[in-house]
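Visitor: Following is a predicted model, sequence given first.
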Amino acid sequence: MEQNNQNISANEEVNSNFITFFTRHKIEIPLIQRDYVQGSNLQSKKRNEFIDSLFEALKDDGKPCELDFIYGTENNEVFLPLDGQQRLTTLFLLHWYLINKCRLENPNEYKRIMAEIKWDACEFSYKTRRSSTVFTEKLRSYQPEKMNEAMSEEIKQQSWYSESWDLDPTVNAMMDMLDAIGNKYNGLKMHVAAQMLEKMLSSKIINFDKLDMGKFKLNDSLYVKMNARGKQLTEFENWKAKFIKFLEEVYADSEFDYIDEKRNEFKTIKNYFTHSIEHEWTDLFWAYAVNDYIQRKSEYDVLPEEEKLKRPKVINPLIDYYFLNFYHYIFSLQYFISRKDGSEEEDSVIDDTEKTRMDLFSKNENISFLYQSLDTFVYIMKENNTIGDFFDNLFYLEGQETDGRIRLFSSKTTNLFESCITSKASVDEQILLYCLIVYCIKKKCYTITDELKIYMRICRNLLESINQRLTKDMQIHSNVRLSQLPKYIATINNLCSIADYSTVEKLNAGMGDTEAVIRVIKCYLVKDADIYKLEDSGYTHGSLYAFDLSMNHNELSEAFTAFKRAKDMNRARILVAYGYQGTNFGMCAHGKRRFFGYKDRWNVIFRYKSESQVLKEAFSSFVSDFNKQKNIETILNTKKNTVNKDSFAYYFLNYDAFANSALSWTMDDKDDPKLVDAHHFFAINTEHDIITLPRFSSNPLLGYHTDPYACSVAQKLKNAHPDIYAKMNYTGKDKNKAKIVFDDYNIEMSCTDNGWAITFRSISNDGKMRHLPIYMLRELAGKCNHHKKNVHYIIKDASCDYIESAYNFILWLFQK
């Protein structure tokens, strides 16, 4: 041990301040590190406490703020932190803020203080993601012209900032931290950036010690267990010791009420924990730890030797990460459950402090639920060989058959337990796993039963029905929230108390659309495979609003399968043919936005309850016809001739270029309109006053658009008269509605309910006056009805539809 202590002394920097350390070392956050999270708004309480301690130290009479050891390895003057990344990043951001604040507040003092500091020459970089790397580089050299508003907003307005960085958690957390530092500074009675900066740079009021683990010749066990001061290095060991002490103080000799009979000699709450954490609960996570170790070890072993020097050693398998993730998962559940009056505004904010955790687990029901949850998976593992086998027999993913199992829609794995302990579980998955845990505890169910499948299918459907349809991307998004757990519990407990599902007439409201579940619950009892298929479709996500369940279920399923296999355009045509008028996305300047289905957005139509009755009527009529004819093409060919010739439906069914209308350059990319990747998204004012919206957004009129009637005429000309097509334009922009334009004659053709409106522009785009010859104007009078303001309407011909009418007029125009 004495030799080890000598090694430590030789390879550490004691009592360093950041700027001294920064000028000696290039700091590089390596690829293997996690994202920066200390600044995140999701950690606001802990973040603000840390900022307070830093600002407190920088007061005139402030006491030193000691940040303990920063562990890492050094290679060619580049320091790679293994532990301390979060603290170093926060110090970097604090220095950046005060340096720039001082520069703006007191330029003369700034020059004096920074005279010997070569900030621009220092390097601090993130290698966790490419976006983090570039952002950090740009930020380090960025000198804002003002710092009055939130720095995040100021930074986002810079030309070098990329919108794609909004998805980078490190970038987000850095900007959250800068905003928090700014808020703290702006809350000071006096602006003293110069004094604070000078104190921070010239003293060691904020300090830390550096330990180079690459040169520190310790064996693995010592590396894991302690540092120079004899402290434990793993968060888990520290947590476990504190937690055992907490259990001893709070529960003393109190006994655990749900002891596993094989652990009967460890009856107290404390002893049950100390035994289980070293045995049964370790076994629970061990397989995951071993698999992770094998993967990391194999990746490490193939690295070049010089690269290995930059990486931390791959130590033996540890359950630390997995156990603590599960512990925090249970804590977050119990936290929100205990906040029965929690407001929705605080739905994602957890007061994740040690005091809050200890207060929560001081309640017997909460510590009991933690133990029972862990034991539930111990029993599941025992009864099913592995936990993964249990989940594989309960759930399935896209591309597999149901065979009674329940499909998970957004998951990459059926193993919700694994998703949870690796911190990859979405909120929906966390709640669904909670539903499973509660059921297994209450029913003592550790194998797959028919009743469990019914219960989990109901829970899946209820959670999927908690959603919101957003106009910004025209997608259905989950609206499941942990903060709503107190409401969900009423439904969950109700479901768990049901002994016979055949008698269920009503469910306690609270979690999702309980009325919709009652409609299908009896189908589960007979293991109706057709209902399972309908529910497990990506179109429905468990919501059968579009289906008349009084119809034959096999016929429903067969017709729906054929519908899904049809081409995108034909799917939309089927619904339109039977009277469906699209799902409403509100008004815009050109009328109601109506959507008729597209690729991955069909669930937007089938899951939207508000307009489901019209969809149900249309789809039921299709099912009836399909049951007789079994061929979608035949059905559509029949419907083409039966719809009103003056309706939107007629043109949508008869003209490919109408149904698949898109911007001219998109249409030109394909020889056949059937092949165009069209969105089937329109703004409909009247039957003939329509534009095609080319993008899914909350402001679809921003940019270019087209008119489906004009597009259909254009494509007819492109095929028969490409020379004429080359002279026309049928694209609109922003609020200027699309129309057919021929610059050669200064003619514009707009589709209206009164027919095609013909107008003449006084000046062409090249600035020259052009008019139709006199004889053509005379003939025009015979083809059009004159209207005031020099608008002519093509006289309607009963034998021609709108497309043919415009096409014939254009041929006359150019053949003259």
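Guide: That came through fine.
Visitor: what's the neighbour count on Ser44?
Guide: 16 (other CB atoms under 10 Å). Backbone N, C-alpha and C define where each C-beta goes, glycine included.
Visitor: I'd guessed it sits against Asp352; true?
Guide: No: with contact defined as CB atoms under 8 Å, Ser44 does not count as touching Asp352 (9.9 Å).
Visitor: so what's Phe50 up against?
Guide: Going by CB atoms under 8 Å, 6 or more residues apart in numbering, Phe50 touches Gln38, Thr90.
Visitor: Extract the C-alpha trace of the helix or strand it falls within and format it as PDB.
Guide: Following DSSP states H and E, one finds Phe50 within helix 44-57. C-alpha atoms of helix 44-57 as PDB (Å, rounded to 0.1, in the frame of the first residue of the first chain):
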ATOM      1  CA  SER A  44     -32.400  21.600 -12.400                       C
ATOM      2  CA  LYS A  45     -32.400  21.200  -8.700                       C
ATOM      3  CA  LYS A  46     -29.000  19.600  -8.500                       C
ATOM      4  CA  ARG A  47     -27.600  21.900 -11.200                       C
ATOM      5  CA  ASN A  48     -28.800  25.000  -9.400                       C
ATOM      6  CA  GLU A  49     -27.300  23.800  -6.100                       C
ATOM      7  CA  PHE A  50     -23.900  23.300  -7.800                       C
ATOM      8  CA  ILE A  51     -24.100  26.800  -9.500                       C
ATOM      9  CA  ASP A  52     -25.000  28.300  -6.100                       C
ATOM     10  CA  SER A  53     -21.900  26.700  -4.500                       C
ATOM     11  CA  LEU A  54     -19.600  28.000  -7.300                       C
ATOM     12  CA  PHE A  55     -21.000  31.600  -7.100                       C
ATOM     13  CA  GLU A  56     -20.800  31.400  -3.300                       C
ATOM     14  CA  ALA A  57     -17.000  30.700  -3.600                       C
END
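Visitor: Next, show the common contact partners of Ser44 and Asp352.
Guide: Between them, Ser44 and Asp352 share no contacting residue, judged by CB under 8 Å, 6+ apart.
Visitor: about what we covered before: mind listing what's buried in the helix holding Phe50?
Guide: Ser44, Lys46, Arg47, Phe50, Ile51, Leu54, Phe55, Ala57 (16 or more other CB atoms under 10 Å).
Visitor: can I assume Leu636 is in contact with Ala572?
Guide: No: look at Leu636 against Ala572 with CB under 8 Å: they stay out of range, at 10.9 Å.
Visitor: ranges for the strands of the stretch 401-550 of the chain?
Guide: For the stretch 401-550 of the chain, the strands defined by DSSP state E, counting those that start in this stretch cover 406-407, 467-470, 475-478.
Visitor: other SSEs contacting the first one?
Guide: Using 3 or more CB pairs under 8 Å, 6 or more residues apart in numbering; DSSP states H and E, the elements in contact with strand 406-407 are strand 395-396, helix 450-464.
Visitor: Next secondary structure after the longest strand anywhere in the chain?
Guide: Criterion DSSP state E: the longest strand present in the chain is strand 65-75. Using DSSP H and E, the helix or strand that follows strand 65-75 in sequence is strand 78-83.
Visitor: Quick one: distance of that following strand to the chain centre.
Guide: 31 Å (CA atoms, centre = their mean, to the nearest Å).
Visitor: partner strands of that strand, parallel or antiparallel?
Guide: Each strand paired with strand 78-83, and its direction, by DSSP bridges: strand 26-29 (parallel), strand 65-75 (antiparallel).
Visitor: Identify, out of those, the most deeply packed stretch.
Guide: Mean neighbour count (mean count of other CB atoms under 10 Å) peaks for strand 26-29 among these, with a mean of 22.
Visitor: Extract the C-alpha set from it and format it as PDB.
Guide: Extracted in PDB, the C-alpha atoms of strand 26-29 (Å, rounded to 0.1, in the frame of the first residue of the first chain):
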ATOM      1  CA  LYS A  26      -6.000  19.700 -23.900                       C
ATOM      2  CA  ILE A  27      -9.200  18.300 -22.500                       C
ATOM      3  CA  GLU A  28     -11.000  15.800 -24.600                       C
ATOM      4  CA  ILE A  29     -14.200  14.000 -23.500                       C
END
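Visitor: avg pLDDT for that strand?
Guide: Average pLDDT, strand 26-29: 86.
Visitor: Tell me the bridge partners for the spatially most central residue of the chain.
Guide: Centroid-nearest residue in the chain, with CA atoms, centre = their mean: His477, separated by 8.5 Å. Counting by DSSP bridges, His477 is bridged to Gln468.
Visitor: Now for it: which residues touch it?
Guide: Counting by CB under 8 Å, 6+ apart, His477 touches Asn467, Gln468, Arg469, Leu470.
Visitor: mind running it again at 7 Å?
Guide: The neighbours of His477, taking CB atoms under 7 Å, 6 or more residues apart in numbering as the test, are Asn467, Gln468, Leu470.
Visitor: List buried residues within those residues.
Guide: Buried among the contacts of His477 (16+ other CB under 10 Å): Asn467.
Visitor: follow-up on the earlier one: Leu636 and Ala572 - which one has more neighbours?
Guide: Per other CB under 10 Å, whichever of Leu636 and Ala572 has more neighbours is Ala572, with 25 against 17.
Visitor: Tell me if I'm right that that one and Lys599 touch.
Guide: No: using CB atoms under 7 Å, Ala572 is not in contact with Lys599; the gap is 11.1 Å.
Visitor: Domain map for this structure?
Guide: 2-221, 230-319, 324-544, 545-654, 690-816 (automatic domain parsing).
Visitor: for the ones you listed, which one sits closest to Trp665?
Guide: Nearest to Trp665, of all the domains of the chain, is domain 690-816, at 8.5 Å by CB to CB.
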